[in-house]
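>>> Whatever this is, show me its structure:
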Amino acid sequence: MSDYLAKPKSTPRGGVLVLHAWWGLNDFFKNLCDKLAGEGYIALAPDLCEGKVAKTIGEAEKLRKAIKRDEASAHILKALKELKSEAGKNPINGIGFSMGAYWLLSLVEEKPKDISAVVLFYGTRGGEYKNVKSSFLGHFAESDEYVSDSGKKKLEKTIKAVSKEVAFFTYPNTHHWFFENNRPEFNPQAADLAWERTTEFLGKHPG
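As a prediction, the model looks like this:
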């Protein structure tokens with residue numbers, strides 16, 4: 001497998017499952033795992049595109065369509081099991097980007113006791129989330145053709161009904177992928193703030 005695992009040099013604070021966007025497991029997501037390791041976490045990013053990486057939206061659409069739901073779900077569950085083994089008795093946190101956020105939300109609904117804290121970057125998913133115990137942090141773009149305002153509000157309302165800690169932020173003058181520094185939509189000010197909020201949030205739920 002071409003999954004990517006990053007470990008801290010010191011005693012781990014916990015584990016973070018990183019689910020990439022439809023670009024595949026590119027250098028940005030690998031570097032993010034390294035940054036998380038620098039913060040003291042074991043970070044594991046399963047490769048849902050089997051080594052393929054897209055550079056254009058058209059290529060990414062083809063990659064996403066090629067993903068088989070059952071295989072991807074099984075891959076994520078296997079990665080979660082591996083990460084839990086690496087992290088020992090600590091619970092696991094998750095970060096998902098766009099398509100990866102959708103998969104992370106699906107995982108949380110399927111395994112509600114396995115993920116301590118959830119970080120979403122510009123991605124939503126319908127669902128009931130009745131048994132979810134996780135805390136949630138969401139980062140969303142002000143202008144986003146892929147995420148509807150109604151979908152975002154519905155997800156926030158649904159999760160707030162079951163979770164004691166939910167914080168969704170919308171960043172002014174941003175577009176989808178604003179956090180990814182290899183994209184033209186990258187907004188450094190918003191990305192820095194989102195990272196600051198993410199590390200603070202994960203620090204409260206070390207996993």
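>>> Show me where the protein has its helices.
Using DSSP state H, the helices of the chain run over 27-38, 57-66, 69-87, 99-110, 149-160, 188-204.
>>> Check which helices and strands the first one sits against.
Counting by 3 or more CB pairs under 8 Å, 6 or more residues apart in numbering; DSSP states H and E, the packing neighbours recorded for helix 27-38 are strand 4-6, strand 14-19, strand 41-45, strand 92-97. Every C-beta, even on glycine, is put in place using the N, C-alpha and C of the backbone.
>>> quick revisit: take the helices of the chain and write them to CSV, including mean pLDDT.
Shown next, in CSV, are the helices of the chain (pLDDT from 0 to 100):
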stretch, mean pLDDT
helix 27-38, 98
helix 57-66, 96
helix 69-87, 95
helix 99-110, 96
helix 149-160, 94
helix 188-204, 96
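>>> Return the most buried member of those.
Ranked by average neighbour count under the criterion mean count of other CB atoms under 10 Å, the helices of the chain are headed by helix 99-110 at a mean of 22.
>>> about what we covered before: okay, the helices of the chain in a markdown table with distance to Val16 next?
Output for the helices of the chain, formatted as a markdown table (distance: least, CB to CB, whole Å):
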| stretch | distance to Val16 |
| --- | --- |
| helix 27-38 | 5 |
| helix 57-66 | 23 |
| helix 69-87 | 8 |
| helix 99-110 | 11 |
| helix 149-160 | 19 |
| helix 188-204 | 7 |
